[in-house]
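Q: Sharing a model prediction with you, sequence too.
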Amino acid sequence: MNTSLVLLLVLIWPLLLAGAVAFGATRRLALRLVPSAALPALGAAGVLADSGLRLPDVMLGGALALDDTGRAFLLLSAAAGLATGWLARPRLLAPGASRFAVLLLLAMEGGFALALADDALLFFAAGTLGGYALYGLLVDEMSMAAQRAGRVFVVMLVLSDLVVFELLLILSQAAGDVDFKSLRQVLVHTDNRELILGLSIVGFGIKAGIVGVHFWLAPAFVSAMPALRSALVAFMFGAGLLGWLRLLPFGEIHWSGAGTLMQWLGWVTLGYAVFAGLLQARFRSLLSYAAVCLTGLWLAMLGSVLQHPQTWNGVDDAVHAAVPQAGFAMTVLLLLDRGTDRNAAAWRRHLSRGLMWLAALLLVATPVGVTGSLAKAGDAAVVGMSSVAAVIAFLVVRGLLLIDPEVHGARDPGTSPQTLSAATLSVAAGLTVAAVLAAADNLIGLVPSELGLIILMVSAAAFGAWLSVARFAHRLPDLPPGDLLVPIGSGLVTALGHARRLADTRLRQWRDSVSALVLHLRSAVDWRRIIGRSESALSHWPTAMAVLVLLGLIAATLSTSK
């Protein structure tokens, strides 16, 4: 098998379909073939051996590579692209679907290129292409919520791209090249590590959903059409976590201070996810905070590797299984978030509910492999990372209890029971099977004591989730999707209103009062008479001599002081 040809086909096929959609003669056939855009990528991730390809005439000498790390993300992006294309078929076959199809194909192209890019410039271009294509798909929907989510999303994309571009400029100038290996070596030997680490955390963390710059996640998850949710999950993983894995020299450098910082960011992310998740009343918002928890897991995990470089090989292998497992499980939950109608067939209700709870279990088990690999290396951070599973369990189980119509007190205002289509159920079932296979790889060699600790913590978190829903969560205020942007935006609107009233009323009153005072002084005082008397007084010789003597004394004093 010609591996170079397969790698090229992974990237060329979506572009060929996008070009065919643009021409009237081939548009109808190309629209039907849009779901097949992910098939070459899925095949390459499944059967192609590790390989690379130089592209000397592309992006200033770009390169493609398929290794174990890229394979995990390519598998996630390919499965997400296939699910997105399959679920979007009704939209693709509707009139005026060309714009939607082209944006969808470009989003797939960006995801595949992120996984295969072996140099920073191609990686940056792929993330930009995929991100702005997803923005176009969000604003293409007619709902106001989706358009607001798209505006927040594009603002964060612009900020992320500016930070990442500045980071790559600094590294490439020092390395003289843009391939990841050269950039990692620069980071190993440079004295400017703190700045580079800060830029990488913020730049890739915006897309990964790190706390503080995660505001786009909840609105996007809540308002996106079902077909786009898997693409959002794949973009979040590929443009965020993969950027850290490619750029930072894990296993090659011992950096205790940076590791501590990343671990603290991870724990703060987890704590905030619990706080904000407790105030959510929409299942997809809760899932967005579960995704934020995963970002906290990645940060804590990578921080531990910076403190203990010898643990990198085990953690790297665990990530290869954890990424598709988490992505597939979260996609299943996002697709089945509305439940089923009570009047639907019994097998549909049982299948939907069973898939959701199984996907929830698989999502909760995502940190298990990472925790087990750190436990084998004797890292004390393993206890803290076990709490990630508990936090995810709390959020997901609480969300499932909110939308399950058979649970007392279900109150998710963002969902309405409906009969799920056969396509959605089949896609969810296929992704669940894929998540089970990834979880089987993730759980190999798990320490029994660690498994017992995780089961205990997850059970406690699930009980806490039930307690929060059934007993007192309904008394808490609801935090709308958009997180702190909503109260911050309300505060800014109020402040601007006060500023406008100040400018329109108070300042105008003060200006009129000052003008009236000046006019009163002008009319009440005879300034011409005062000036005339002053001039007449200065014209007398005694006064003029006194003034001249005074000026001379001042000049003499100034000259002697120098």
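A: Received, thanks. Residues are numbered from 1 along each chain as shown.

Q: Please identify which helix or strand holds I196.
A: Following DSSP states H and E, the helix or strand that holds I196 is helix 193-208.

Q: any idea how far the helix or strand following that helix is from the chain center?
A: Going down the chain from helix 193-208, the next helix or strand is helix 217-223, by DSSP H and E. Put simply, helix 217-223 sits 11 Å off its chain's centre (CA atoms, centre = their mean, to the nearest Å).

Q: which strands and helices sit next to the helix or strand just after helix 217-223?
A: Proceeding C-terminally, helix 217-223 gives way to helix 226-236 as the next helix or strand, assigned by DSSP H and E. Where contact means 3 or more CB pairs under 8 Å, 6 or more residues apart in numbering; DSSP states H and E, helix 226-236 is packed against helix 68-87, helix 98-116, helix 120-140, helix 193-208, helix 217-223, helix 312-335. Where you see a C-beta, it was placed from the backbone N, CA and C, and this is true even at glycine.

Q: Make a markdown table out of those helices and add mean pLDDT, mean neighbour count and distance to S182.
A: Conversion of the helices and strands packed on helix 226-236 to a markdown table gives the following (pLDDT from 0 to 100; neighbours: other CB atoms under 10 Å; distance: least, CB to CB, whole Å):
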| stretch | mean pLDDT | mean neighbour count | distance to S182 |
| --- | --- | --- | --- |
| helix 68-87 | 93 | 25 | 18 |
| helix 98-116 | 94 | 25 | 18 |
| helix 120-140 | 92 | 22 | 9 |
| helix 193-208 | 90 | 21 | 14 |
| helix 217-223 | 87 | 27 | 33 |
| helix 312-335 | 89 | 25 | 19 |
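
Q: Can you tell me which of those helices is nearest to A390?
A: If you check each of the helices and strands packed on helix 226-236 against A390 by CB to CB, helix 312-335 wins as the nearest, at 15.6 Å.

Q: Quick one: list the elements packing against the helix or strand following the closest one.
A: Once helix 312-335 ends, the next helix or strand along the chain (criterion: DSSP H and E) is helix 346-364. In this structure, helix 346-364 packs against helix 312-335, helix 382-403, helix 422-442, with contacts taken as 3+ CB pairs under 8 Å, 6+ apart.

Q: Let's verify G52: helix, strand, or coil?
A: For G52, the secondary structure call by DSSP: H, G, I helix; E, B strand; the rest coil comes out as strand.

Q: can you list the domain ranges for the chain.
A: Per the record's domain assignment (automatic domain parsing), the chain is made up of the domains 257-478, 483-509.

Q: Would you single out the least confident of those?
A: Ranked by mean pLDDT, the domains of the chain end with domain 483-509 in last place, scoring a mean of 67.

Q: Now do the contacts for the residue nearest to A126 when sequence neighbours are not counted.
A: Nearest in space to A126, with sequence neighbours left out and distances taken as CB to CB, 6 or more residues apart in numbering, is A113 at 3.4 Å. Shown in contact with A113 (CB atoms under 8 Å, 6 or more residues apart in numbering): 11, 122-123, 125-126, 129-130.

Q: Would you quantify the distance from A113 to F204?
A: Relative to F204, A113 is positioned 16 Å away (CB to CB, to the nearest Å).

Q: L443 now?
A: Here L443 is placed at a distance of 28 Å from F204 (CB to CB).

Q: Over to A555?
A: With CB to CB as the criterion, A555 and F204 are 68 Å apart.

Q: Likewise for L558?
A: When CB to CB is applied, the distance between L558 and F204 equals 63 Å.

Q: in the longest helix seen in the chain, what's buried?
A: Taking residue count as the measure and DSSP state H as the definition, the longest helix of the chain comes out as helix 144-175. Judged by neighbour count (16 or more other CB atoms under 10 Å), helix 144-175 contains these buried residues: 145-146, 148-150, 152-154, 156-157, 160-161, 163-165, 167-168, 170-172, 174-175.

Q: tell me which strands and helices that helix is in contact with?
A: Counting contacts by 3+ CB pairs under 8 Å, 6+ apart, helix 144-175 packs against helix 120-140, helix 180-189, helix 193-208, helix 217-223.

Q: out of those, nearest to G251?
A: Relative to G251, the nearest member of those by CB to CB is helix 180-189, separated by 10.1 Å.

Q: Can you name the residues in contact with that closest one?
A: Residues from elsewhere that reach helix 180-189 (CB under 8 Å, 6+ apart): 118-120, 123, 168, 171-172, 174-177, 193, 196, 246-249, 252-253.

Q: List the buried residues of that helix.
A: Taking 16+ other CB under 10 Å as the criterion, helix 180-189 shows 180, 182-187 as buried.

Q: Let me know the closest of those to L93.
A: Comparing the buried residues of helix 180-189 against L93 with CB to CB places F180 closest, at 40.8 Å.

Q: distance of the closest one from G70?
A: Counting by CB to CB, the separation of F180 from G70 is 11 Å.

Q: A145 now?
A: Noted for A145: a distance of 35 Å to G70, by CB to CB.

Q: got it, and G203?
A: The span separating G203 from G70 equals 20 Å under the rule CB to CB.

Q: now do D140
A: D140 sits 30 Å away from G70, taking CB to CB as the criterion.

Q: One more: L241?
A: The gap separating L241 from G70 is 12 Å, by CB to CB.

Q: One more: W264?
A: Taken as CB to CB, the spacing of W264 relative to G70 amounts to 29 Å.

Q: same deal with V233?
A: For V233 relative to G70 (CB to CB), the value is 17 Å.

Q: Same question for S51.
A: According to CB to CB, S51 and G70 sit 10 Å apart.

Q: Repeat that for D50.
A: Distance of D50 to G70, given as CB to CB: 9 Å.

Q: Same question for R28.
A: When CB to CB is the yardstick, R28 and G70 sit 34 Å from each other.

Q: again, but for V319
A: 12 Å.

Q: rewinding a little: next, the angle helix 120-140 makes with the longest helix of the chain.
A: On the basis of axes from the mean of the first three to the mean of the last three CA atoms, to 10 degrees, helix 144-175 is oriented at 170 degrees to helix 120-140.

Q: so for helix 144-175, what's the average pLDDT?
A: 89.

Q: report the angle between the axes of that helix and helix 193-208?
A: The directions of helix 144-175 and helix 193-208 differ by 150 degrees, with the same axes, to 10 degrees as the criterion.

Q: so how far is the first residue of stretch 220-239 from its last?
A: Stretch 220-239 has its terminal residues 16 Å apart, counting by CA to CA, to the nearest Å.

Q: Next, the buried residues of that stretch.
A: Neighbour-count burial for stretch 220-239, with 16+ other CB under 10 Å as criterion, is recorded at 220-239.

Q: Tell me how far that stretch lies from the chain's centre.
A: 10 Å.

Q: just stretch 428-441 next, same as before
A: For stretch 428-441, the distance between its averaged C-alpha position and the chain's averaged C-alpha position is 24 Å (CA atoms, centre = their mean).

Q: what do you get for stretch 25-37?
A: The offset between the C-alpha centroid of stretch 25-37 and the centroid of the whole chain comes to 31 Å, using CA atoms, centre = their mean.

Q: List of residues touching it?
A: Under the criterion CB under 8 Å, 6+ apart, external residues in contact with stretch 25-37 comprise 13-14, 17, 20-21, 81-82, 85-86, 88-89, 92-93, 97-98, 101, 104-105, 108.
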